[in-house]
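In: coords below, sequence missing:
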DNA sequence: GGTTTATTTAGAATTATTCCAAATCTTGAC
DNA sequence: GTCAAGATTTGGAATAATTCTAAATAAACC
C-alpha cells in the first residue's frame, strides 16, 4: 500500500471511530493496519500475535477492545462460522463467507448488490444487516477428497 | 406431541443416526426429545440442564457428543450468530435465523424455497449448505427503544 | 495546565469446549 | 446365548476463548 493510500485509510478510520464515539488511538490504528495487511480472517489471537511484531507491549485485552471498536464503527466485520474463535474481516464490501469444512479456511465471496430477497420478517422486526455463510469444500480440499 | 407422533420421530432419528454410522442410544434420543420439546435455540449448557430433569446422570460431555451426532446426521442444526456459545436448532425446515442484537434471542425465519441466488463461487468450490443470519431488533426490543 | 473521561495494561476470572481413560453398553460372529 | 470388538458414556481435568478488574496512562476539553 502506498503512503498516500495508507494515510487516507487512517483518516477514514479516525473519522469512523469518532463518529461512533470512540477515540483514535495508536493501538486501534495498528490493529486496523494489521487487519488490512493480510486480508484474511484472523482470530483475535492471531491479530494479537501479528500486532505484537510492531507493538510488543500491546495486550490481548486491548486487541479485543480495538477489534470491538472497529466492528462497531463499521471498519471491520465479525465472522462466526463455527464453534471456534470469532474471526475478523476488514473487507467491508458487500460479500459473504465461504467456510471450508475440511481445512476451516474462510473465503470472501462477492455478493450481488441486493440483499437476500423474498424474506419476510415478522411484524415489528427491524433488520440491520445480514450475514450469509456458505459451507462446503474449497477448491483445494474438493480436489484432494476426490 | 401425541404418542404416535413421538414414536415416528424416534424411528426417524434412529434411521438417520445409523445411516451416518451412529448408534441410537437413550441419551441421543433424550437429547433430541429435549430439543424438540421447546423449539428454541438452546446452548449446549441449556440442553444439559433440561436433559438432566429426566436423566440426572447424563454428563456434559455426552450432551456435546449427542448434539454433534444430531447435527452430523441431519436432525439438528448448529447456529453460530455471535461470540457466545453455539446454539442448537431442531428445525430442519428451510429457514434462516434472526438474531436480536438487543436481547440476544434467536428467531426462525422462513425462507423462500430456493437458496441464495446469483452467488458465484470460485472454480472448484463445492457448496454443501448455506446459513443466513439476519441481525437487528426483534419486535419487542424495537418497540422499547423507540 | 488541570480535570474529566476513555483507553490500555496485566493478570485473574469466567465461560465454552475438548480431551482423557476407565467403565459400560451394542453389535455382530460364533 | 456368549464373546470380542468397537462405540458410547462418564466425570474430571485440560484447554481455549473471552470478559472482567483495578491501577496506570493518555486524550479531549475547558
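Out: Received, thanks. As the structure is a computational prediction, the values presented were derived from the model and not from experiment.

In: And the pLDDT at the residue nearest to the spatial centre of chain A?
Out: Centroid check for chain A by CA atoms, centre = their mean gives residue A:89 as the closest residue, at 1.6 Å. Listed pLDDT for residue A:89 reads 95.

In: Repeat that for residue A:142.
Out: Reported pLDDT for residue A:142: 88.

In: That one: how many residues sit nearby?
Out: 15 (other CB atoms under 10 Å in any protein chain shown). For the C-beta atoms, the positions are set from N, CA and C on the backbone; glycine is no exception.

In: Phi first, then psi, for the nearest residue to it once chain neighbours are set aside.
Out: Leaving aside its sequence neighbours, residue A:142 sits nearest to residue B:126 (CB to CB, 6 or more residues apart in numbering or on different chains; 4.7 Å). For residue B:126, the backbone dihedrals (degrees, to the nearest 10) come out as phi -120, psi 110.

In: got the contact list for residue B:126?
Out: A:136, A:137, A:142 (CB atoms under 8 Å, 6 or more residues apart in numbering or on different chains).

In: ok, now how distant is it from residue A:135?
Out: Per CB to CB, to the nearest Å, residue B:126 is found 10 Å from residue A:135.

In: what's the closest non-adjacent residue to residue A:74?
Out: residue A:16 (5.8 Å).

In: just to confirm, which helix or strand has the one you found in it?
Out: In this assignment (DSSP states H and E), residue A:16 forms part of helix A:3-19.

In: Contacts made by that helix with the rest, please.
Out: With CB under 8 Å, 6+ apart as the criterion, helix A:3-19 contacts A:1, A:23, A:24, A:28, A:29, A:32, A:33, A:36, A:69, A:73, A:74, A:75.

In: what about stretch A:88-104, how long is it end to end?
Out: 14 Å (CA to CA, to the nearest Å).

In: Can you confirm whether that stretch lies near chain B?
Out: Yes - Stretch A:88-104 comes into contact with chain B (CB under 8 Å from any CB of the partner chain), by way of A:96, A:98, A:101.

In: Verify the assumption that the first one is located in a strand.
Out: Yes - looking at residue A:96 with DSSP: H, G, I helix; E, B strand; the rest coil, it is inside a strand.

In: surely it meets residue A:135?
Out: No - counting by CB atoms under 8 Å, residue A:96 stays clear of residue A:135, with 11.4 Å between them.

In: who's more crowded, these two?
Out: Neighbour count, other CB under 10 Å: between residue A:96 and residue A:135, residue A:96 has more, with 21 against 16.

In: which strand residues sit across from the residue nearest to the more buried one when sequence neighbours are not counted in the sheet?
Out: The shortest distance from residue A:96 to any non-neighbouring residue, by CB to CB, 6+ apart, is to residue A:132 (3.7 Å). Here residue A:132 sits in beta bridges with residue B:132, going by DSSP bridges.

In: Could you measure from residue A:132 over to residue A:126?
Out: As judged by CB to CB, residue A:132 and residue A:126 stand 19 Å apart.

In: Ok, residue A:5 next?
Out: Going from residue A:5 to residue A:126 by CB to CB gives 36 Å.

In: got it, and residue A:103?
Out: 37 Å.

In: Give me the number of neighbouring residues for residue A:27.
Out: Residue A:27 has 17 nearby residues by other CB under 10 Å.

In: Let me know the pLDDT of the closest residue to residue A:89 other than its chain neighbours.
Out: Excluding the flanking residues, the one nearest residue A:89 by CB to CB, 6+ apart is residue A:77, at 4.6 Å. As predicted, residue A:77 sits at a pLDDT of 95.

In: Would you enumerate the residues in contact with residue A:77?
Out: So residue A:77 contacts A:71, A:88, A:89, A:90, A:91, A:92 (CB under 8 Å, 6+ apart).

In: Cross-reference those with the helices and report the matches.
Out: Secondary structure from DSSP state H places residue A:71 of those in helices.

In: farthest-separated two in the contacts of residue A:77?
Out: A:71 and A:91 (12.8 Å; CB to CB).

In: got the residues of chain A near DNA strand C?
Out: By CB under 7 Å from any atom of the strand, the residues of chain A that approach DNA strand C are A:22-23, A:25-28, A:55, A:57-62, A:65-66, A:69, A:83.
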